[in-house]
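Colleague: One predicted model, sequence on top.
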Amino acid sequence: MSGLRAELRLRRDGFALDVALDVPDGEVLAVLGPNGSGKSTLLDCLAGLLRPADASIYIAGRSVAGLPPPERRVGVLRQDPLLFPHLSVLDNVAFGPRSRGSDRATAREVARRWLTEIGVAEFADRRPSRLSGGQAQRVALARALATDPTLLLLDEPLAALDVDAAPAMRAALRTVLRQRRAGRVAVVVTHDPLDAISLADHVLVLAAGRVVEQGPTREVLASPRTGFTARIAGLNLVVGEATADGLRVDGHALTGVLAEDAVPGDPAVAVFPPRAVSVFLSDDEPHGSPRNTAPATIAALEPHGAVVRLRTRDDRPGWTSGIAADLTPAAVADLALDVGSQVLLSVKAATVDVHPALRRSPAP
Ligand SMILES: Nc1ncnc2c1ncn2[C@@H]1O[C@H](COP(=O)(O)OP(=O)(O)OP(=O)(O)O)[C@@H](O)[C@H]1O
């Protein structure tokens, strides 16, 4: 048995955590949930900082529930990089392999390799006080990886970074987590559905200490069953392959804005909000951007606050399958829309963000 498998029950005044999870080897789980839902508590249990009596945790087939943190082979990255101020960047990263028995030269070689991998090798000789917050956080990621953890725990690794520093860290996380390295599972706590989409194979949503949703990332975020997930997701997600100017889905093009690290030919996901989708009758002249206009069939029309949310059937090739669009009640009446109506959907290219996505099957 490999991967991560855990069943945890913990009680403390006014709060109970009750979670079962199972992450296959090499894969990434994103943990989402409102404040106070138990995300950090879950990570602390996995790391061994909390050791509830009622727990079974298997990492790579090894039972670790009774083990203290250093014996679990778990790497942890928190919002605060917590680097040793008196050591150079290189020695901060070499510290893990050193304490696991590597000699100094080998530990430094491992450290250098990870610093290079994460793109921060140029800071090897600096003290942490001379790093920006974003650089320090990337060094902390290299430090967590240099211990060769079988479980990598990331607790909101982007939350403390400002908007300028976050992209480099996000790219570093994508590089590392997309390797889908055999013998390693990663669990990342995040508030950002885009990070869940681009980093994680599976999503687990916690509410008040319990799992309220769990499953493949795209399924959970595309068909949210709870209000919380709907609020954080609430976006159209179209999976395909990146092109030079957008996404290709089943041979059909969707023009959009490519994220910096999206590579044409690689798996990608296009993301756009329901309010960015315009709806026309099939026999109307196409409006908006003709490039992103394609036919769809209405599957459902439901009130959604002040608007009507339309969903399309997911039975045709291309990007218009299973899409949500928000319309005013007046527009629904004007167009005489009903379930089964044939319509044209149009979405402006500028509102379609194309992000790298994970490959469907793990790398060999
Ligand atoms: N050291 C502690 N002792 C007692 N209760 C705690 C402690 N830390 C957290 N709690 C409580 O445990 C519950 C879960 O907290 P936890 O920090 O795991 O949630 P979270 O989902 O990580 O929240 P956030 O998104 O705000 O970080 C909360 O009710 C919190 O008040």
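Modeller: That came through, no problem.
Colleague: alpha carbons only for contacts and neighbour counts from here, please
Modeller: Fine.
Colleague: mind listing what's buried in whichever strand in the chain runs longest?
Modeller: Counting residues, the longest strand found in the chain (DSSP state E) is strand 293-304. By neighbour count on 16 or more other CA atoms under 10 Å, the buried set for strand 293-304 is Thr293, Ala294, Pro295, Ala296, Thr297, Ile298, Ala299, Ala300, Leu301.
Colleague: contacting residues around that strand?
Modeller: Taking contacts as CA atoms under 8 Å, 6 or more residues apart in numbering, the residues outside strand 293-304 that touch it are 282, 286, 308-313, 316, 320-321, 338-347.
Colleague: Quick one: list the elements packing against whichever helix or strand comes after that strand.
Modeller: Where DSSP states H and E defines the elements, the next helix or strand beyond strand 293-304 is strand 307-312. For strand 307-312, the contact count by 3 or more CA pairs under 8 Å, 6 or more residues apart in numbering; DSSP states H and E identifies strand 293-304, strand 324-327, helix 329-334 as packing neighbours.
Colleague: Each with direction, which strands does strand 307-312 pair with?
Modeller: strand 293-304 (antiparallel), strand 324-327 (antiparallel) (DSSP bridges).
Colleague: Would you mind listing the buried residues in it?
Modeller: Buried positions in strand 307-312, judged by neighbour count with 16+ other CA under 10 Å: Val307, Val308, Arg309, Leu310, Arg311, Thr312.
Colleague: Switch those residues over to JSON lines; also include distance to Leu151 and pLDDT.
Modeller: Formatted as JSON lines, the entries for the buried residues of strand 307-312 read as follows, by distance: CA to CA, whole Å; pLDDT from 0 to 100:
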{"residue": "Val307", "distance to Leu151": "44", "pLDDT": "90"}
{"residue": "Val308", "distance to Leu151": "44", "pLDDT": "93"}
{"residue": "Arg309", "distance to Leu151": "41", "pLDDT": "90"}
{"residue": "Leu310", "distance to Leu151": "41", "pLDDT": "93"}
{"residue": "Arg311", "distance to Leu151": "39", "pLDDT": "89"}
{"residue": "Thr312", "distance to Leu151": "40", "pLDDT": "92"}
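Colleague: near the ligand, from those?
Modeller: Among the buried residues of strand 307-312, none lies close to the ligand by the criterion of CA under 6 Å from any ligand atom.
Colleague: for the stretch 201-350 of the chain, what spans make up the helices?
Modeller: In the stretch 201-350 of the chain, the helices defined using DSSP state H, counting those that start in this stretch lie at 217-222, 227-232, 329-334.
Colleague: let me redo that: the stretch 51-200 of the chain
Modeller: Listed in chain order, the helices found in the stretch 51-200 of the chain under DSSP H, counting those that start in this stretch are 89-99, 104-118, 133-146, 166-177, 193-199.
Colleague: picking that back up, would you list the buried entries among the contacts of strand 293-304?
Modeller: If you count burial by 16+ other CA under 10 Å, the buried members of these come out as 282, 286, 308-313, 320-321, 341-347.
Colleague: Contacts only, for Gly48.
Modeller: By CA under 8 Å, 6+ apart, Gly48 lies in contact with Ala65, Leu67, Pro68, Pro69, Arg72.
Colleague: rerun at 6 Å
Modeller: Pro68, Pro69 (CA atoms under 6 Å, 6 or more residues apart in numbering).
Colleague: which residue does the stretch 201-350 of the chain bring closest to the ligand?
Modeller: Evaluated by CA to the nearest ligand atom, the stretch 201-350 of the chain has Gly209 as its residue closest to the ligand, separated by 7.0 Å.
Colleague: May I have the phi/psi pair for that residue?
Modeller: According to degrees, to the nearest 10, the main-chain angles of Gly209 amount to phi 80, psi 0.
Colleague: Which helix or strand contains the closest residue to it other than its chain neighbours?
Modeller: Among residues not flanking Gly209 along the chain, Leu17 sits closest, at 4.1 Å (CA to CA, 6 or more residues apart in numbering). Using DSSP H and E, Leu17 falls within strand 15-23.
Colleague: Right, I'll leave it there.
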